[in-house]
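> would you be able to build a 3D model of this:
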Amino acid sequence: MEMQLIAQRIKGLREDLEISAKEMAELCEISEEEYLARENGQVDYSFSFLNRCATRFNVDISELLTGSFTSHLKTYAVERKGHGLRVDRRKGFEYLHLASRFYNHKIDPLMVYVPYSEEALNSPIPTNTHVGQEFDYVLEGSLKVTVNGKIETLNEGDSIIYDSATPHGMVAASKEGCKFLAIVIKF
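Down below sits the predicted model:
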């Protein structure tokens, strides 16, 4: 049901703003057919897809996820440990958006947990792209990261920053999984 509600919000905003499905598909770097499947709630969403839609619609990603277009804090917002807007958009990954209640935030800080999978670790790492830059800081475990075909293994306390328009992806490299802070800087 949640996916259908998000799909309705995306379609409604696109139509209200008089943006063609073709333009959105090009922005999301997928075919128009693939875009419409997502907009109709037939295919699940990646964070990159939602981020691109939110940026084009000039809304916060949390508005697409929750439908809440009000109650934004303008001076500061606190998120307590283990809280935040849950964004479970990539299979197996768990995301907590830590700035969803702060009005007009310029970054998307995400607490990310990646479970260990031997199969994922030994397969090519799926990649995605999105606008801006991304900074990832490993809090627990190890993370195998690919950026533009280059592979790095990050351990607790290590970090990486990259142009997120460059194909990138990651998998947990430690059996206990990996927890990291991702900060997406939008332009």
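
> C-alpha only now, for contacts and for neighbours.
Noted.

> what distance do you get for Tyr35 to Ile107?
Note on Tyr35: its distance to Ile107, by Cα to Cα, to the nearest Å, is 25 Å.

> just Gly177 next, same as before
Using Cα to Cα, one gets 25 Å for the distance from Gly177 to Ile107.

> quick one: low-confidence ranges for the chain?
Residue ranges of the chain with pLDDT under 70: 1, 68-73, 88-89.

> for the helix or strand where Arg14 lies, name the packing helices and strands.
If you go by DSSP states H and E, Arg14 is part of helix 2-16. Contacts defined by 3 or more Cα pairs under 8 Å, 6 or more residues apart in numbering; DSSP states H and E place helix 2-16 against helix 32-39, helix 47-57, helix 61-66.

> how about 10 Å then?
Counting contacts by 3 or more Cα pairs under 10 Å, 6 or more residues apart in numbering; DSSP states H and E, helix 2-16 packs against helix 21-28, helix 32-39, helix 47-57, helix 61-66.

> quick one: residues in contact with it.
Contact with helix 2-16 is made by 1, 17-21, 24, 36-45, 50, 53-54, 56-59, 63-67, 89, as judged by Cα atoms under 10 Å, 6 or more residues apart in numbering.

> what comes up buried for that helix?
By neighbour count on 16 or more other Cα atoms under 10 Å, the buried set for helix 2-16 is Met3, Gln4, Leu5, Ile6, Ala7, Gln8, Arg9, Ile10, Lys11, Leu13, Arg14.

> now do the third one against Gly177, distance only.
To tie it back to what came earlier, the one meant is Leu5. Here Leu5 is placed at a distance of 31 Å from Gly177 (Cα to Cα).
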